[in-house]
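Undergrad: predicted structure and sequence below. I'll ask about it afterward.
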Amino acid sequence: MNSIHRLGITIAGMVALVTIAGAVIIQGLTTGGVAQANAPEQPTSDPTAEDTASLAPVTVYINPVPTPQVITVIHTPKPARRPPRSTTKSVVVPGGDDGSGEGGD
């Protein structure tokens, strides 16, 4: 393997390593993130009657969707016209150009 190939593989490996390390740091999987995830939860206070009074159910009325209008088609389209037929005829003329490209005398 050439030295330029070895250099390319080395650089690609380092880039992959830095990319994976950056993703791990961003996701918080380092020791600090694990310590925060394993920390005991703070106890929450029990809701009181005063807190739940504002959470009474609310009734919302929604108008039904109107029925769409019916569209009646009265005229039907004309049938499509067929294109005219074309025929090609090849006619051989006696004494015509033989294709040599010379000016004929």
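TA: Structure's in. What do you need? Numbering: from 1, shown residues only.

Undergrad: any weak-confidence spans in this protein?
TA: Applying pLDDT under 70 to the chain picks out residues 1, 29-54, 56, 96-105.

Undergrad: which residues of it fall in helices?
TA: Per DSSP state H, the chain has helices spanning 3-27, 31-37, 49-53. These are given in chain order.

Undergrad: which secondary structure elements does the first one sit against?
TA: Under the contact criterion of 3 or more C-beta pairs under 8 Å, 6 or more residues apart in numbering; DSSP states H and E, the helices and strands touching helix 3-27 comprise an empty set. In this view, the C-beta of every residue, glycine as well, is placed from N, C-alpha and C.

Undergrad: list the buried ones in it?
TA: Neighbour counts over helix 3-27 (16 or more other C-beta atoms under 10 Å) mark no residue as buried.

Undergrad: how close does P83 get to H5?
TA: 62 Å (C-beta to C-beta, to the nearest Å).

Undergrad: same check on A80?
TA: Taking C-beta to C-beta, one finds A80 at 64 Å from H5.

Undergrad: can you check A12 too?
TA: Separation of A12 from H5 (C-beta to C-beta) stands at 11 Å.

Undergrad: could you give the number of residues near Y61?
TA: Using other C-beta atoms under 10 Å, the number of residues around Y61 comes to 4.

Undergrad: no, scratch that, I was asking about V65
TA: V65: 6 neighbours (other C-beta under 10 Å).

Undergrad: for it, grab phi and psi.
TA: For V65, the backbone dihedrals (degrees, to the nearest 10) come out as phi -70, psi 130.
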